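Colleague: Show me how the following folds:
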Amino acid sequence: MSEPLTTPGEGFHPHLHETPDGPAPLSTRLHHIRAGSLDGDTAQTGGMRRFAAVSGKTVGSEKLWMGQTHVAPATSSSDHHHGESETAIYVVSGHPEFVFLDDSGPEPEEVRLRTSPGDYIFVPPFVPHREENPDPADEAVVVIARSTQEAIVVNLPGLYALPADGG
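Modeller: Numbering: from 1, shown residues only. Below you'll find the model as predicted:
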């Protein structure tokens, strides 16, 4: 039989709630973030809604950001990159498409990665891209993990290749 659900913010170390000096440090406990407790106060890109679950702000993480992004039906995000963050994306629902420029040939070529639920995408640091949801009726939902404690989003005026140093 499974244990009862924990209360949001309770973690799994009930004896660590209070110490003689005050609350237990965030780094000494597990954190439980319920689906309904995601934080929408995060960097945004037009056409998308991002919700933080794990971040420096929500749980005190130092090297990781994780959350959800919802892309409305028949919507395209703004062109953007995520600065120094490595970004991993897991497709939960829908068929979002990820678009970037491949400049390895003689002419830059737009590449479109068409995905399905269960697929993963890796976005290296500073790579301009956009997300699109071509479905006219259903939103696409993805889970995102980043190698920085907050969601870095740098909106761009267009989809273009950046120099290797990210500048």
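
Colleague: Could you report the neighbour count for the closest residue to Gly158 other than its chain neighbours?
Modeller: If the residues on either side of it in the chain are set aside, Gly158 comes closest to Asp79, at 5.7 Å by CB to CB, 6 or more residues apart in numbering. From N, CA and C alone the C-beta is placed, and that goes for glycine too. As a burial measure, Asp79 scores 20 neighbours (other CB atoms under 10 Å).

Colleague: confidence score at Asp79?
Modeller: Listed pLDDT for Asp79 reads 91.

Colleague: Adjust the sequence numbering to begin at 22 for everything that follows.
Modeller: All set: I'll call the first residue 22, so the last point we hit is now Asp100.

Colleague: Can you give me the distance of it to Tyr181?
Modeller: Distance of Asp100 to Tyr181, given as CB to CB, to the nearest Å: 8 Å.

Colleague: so what strands line up beside the strand or helix carrying Glu131?
Modeller: If you go by DSSP states H and E, Glu131 is part of strand 130-135. Looking at strand 130-135 with DSSP bridges, its partner strands are strand 118-123 (antiparallel).

Colleague: List the contacts of the partner strand.
Modeller: 110, 129-136, 142, 144, 148-155, 180-182 (CB atoms under 8 Å, 6 or more residues apart in numbering).

Colleague: in this structure, what spans have low per-residue confidence?
Modeller: Scanning the chain for pLDDT under 70 picks out the ranges 22-50, 52-68, 182-188.

Colleague: so where do the strands sit in the chain?
Modeller: Along the chain, counting by DSSP state E, strands occupy 39-40, 43-44, 69-75, 86-92, 96-97, 101-102, 108-114, 118-123, 130-135, 141-144, 150-154, 161-167, 175-176.

Colleague: thought Val92 was touching Asp156?
Modeller: No. Contact criterion CB atoms under 8 Å: Val92 and Asp156 do not qualify, at 9.2 Å.

Colleague: Which of the two has more residues huddled nearby?
Modeller: Val92 (24 against 17).
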